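K.L.:
Please work out how this folds:
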Amino acid sequence: MRWILMVLLFVSWPAAAAEEMWRWVDEEGVVHYSDRPHPGAERVVLESAQSYKPPALPSRTAGQPGEAEAEGNGDGTAYTELRVVSPEPEETLWNIGGELEVQLSISPGLAQGHRLRVYLDGSRVEEAPEGRTRFTLGEVFRGEHTLRAAVVDQDGQEVVSSDPVVFYVQQASLQNPSSNRAFPGPGSN
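P.N.:
As a prediction, the model looks like this:
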């Protein structure tokens with residue numbers, strides 16, 4: 001028992017000793033700091049380090065039902081999945097001519113009176129076809145974009161929402177066609 005007490009004391013001693021700091025100035029005017037006392041050194045009081053503990057995040061991962069899904073949505077249907085299948089997260093699309101092919105996955109299918117809404121870069125897309133999970137969006141040009149889908153009930157309230165997907169659209173340049181190749185082929189300069 002005494003041995004365990006000695007080990008605990010020995011292990012906790014460096015942590016306690018690390019809180020002491022000593023400061024002194026040598027003959028040449030150079031300031032020194034140490035965790036051990038030095039002749040002529042003054043003790044420096046160290047305050048504990050500032051820390052921050054963020055609030056706990058809800059433990060929801062992609063594919064798990066959220067609060068609304070777990071409770072159901074009034075007609076006995078609980079959505080277990082709503083996600084953007086295409087475009088894929090962090091995907092780079094080349095030369096799409098402003099036409100984006102979108103595919104969503106929803107399980108189970110849409111309940112009576114529920115509708116899909118699609119949001120591109122935070123704005124609701126009006127031309128999303130009613131109830132279809134595969135469609136084309138127009139006027140999606142070069143740059144970084146975010147796509148999200150949601151199911152809304154008869155009152156327009158969101159029942160479930162997909163995680164947002166970030167994707168990129170690149171367009172070949174007519175002024176500098178050599179820069180459009182990702183990897184030069186054999187025999188190129």
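
K.L.:
contacts and neighbour counts: CA atoms only from here.
P.N.:
Fine.

K.L.:
For the nearest residue to Gly138 once chain neighbours are set aside, what are phi and psi?
P.N.:
Nearest residue to Gly138, sequence neighbours excluded (C-alpha to C-alpha, 6 or more residues apart in numbering): Glu99, at 4.7 Å. Dihedral pair for Glu99: phi -110, psi 110, per degrees, to the nearest 10.

K.L.:
and Glu99, what does it touch?
P.N.:
By C-alpha atoms under 8 Å, 6 or more residues apart in numbering, the contact list for Glu99 reads 136-140.

K.L.:
okay, the residues you listed in JSON lines with pLDDT and distance to Arg115 next?
P.N.:
Shown next, in JSON lines, are the contacts of Glu99 (pLDDT from 0 to 100; distance: C-alpha to C-alpha, whole Å):
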{"residue": "Thr136", "pLDDT": "87", "distance to Arg115": "17"}
{"residue": "Leu137", "pLDDT": "88", "distance to Arg115": "17"}
{"residue": "Gly138", "pLDDT": "88", "distance to Arg115": "20"}
{"residue": "Glu139", "pLDDT": "87", "distance to Arg115": "23"}
{"residue": "Val140", "pLDDT": "89", "distance to Arg115": "23"}
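
K.L.:
Strands of this protein, residue ranges please.
P.N.:
Counting by DSSP state E, one finds strands in the chain at the ranges 20-25, 31-34, 42-45, 81-86, 92-94, 100-107, 115-120, 123-124, 134-137, 143-152, 158-161, 165-170.

K.L.:
Please work out the average pLDDT along the shortest one.
P.N.:
Okay, so that is strand 123-124. For strand 123-124, mean pLDDT rounds to 89.

K.L.:
That one pairs with which strands, parallel or anti?
P.N.:
Sheet partners assigned to strand 123-124 using DSSP bridges are listed as strand 115-120 (antiparallel).

K.L.:
now the second one
P.N.:
Taking DSSP bridges as the criterion, strand 31-34 pairs within the sheet with strand 20-25 (antiparallel).
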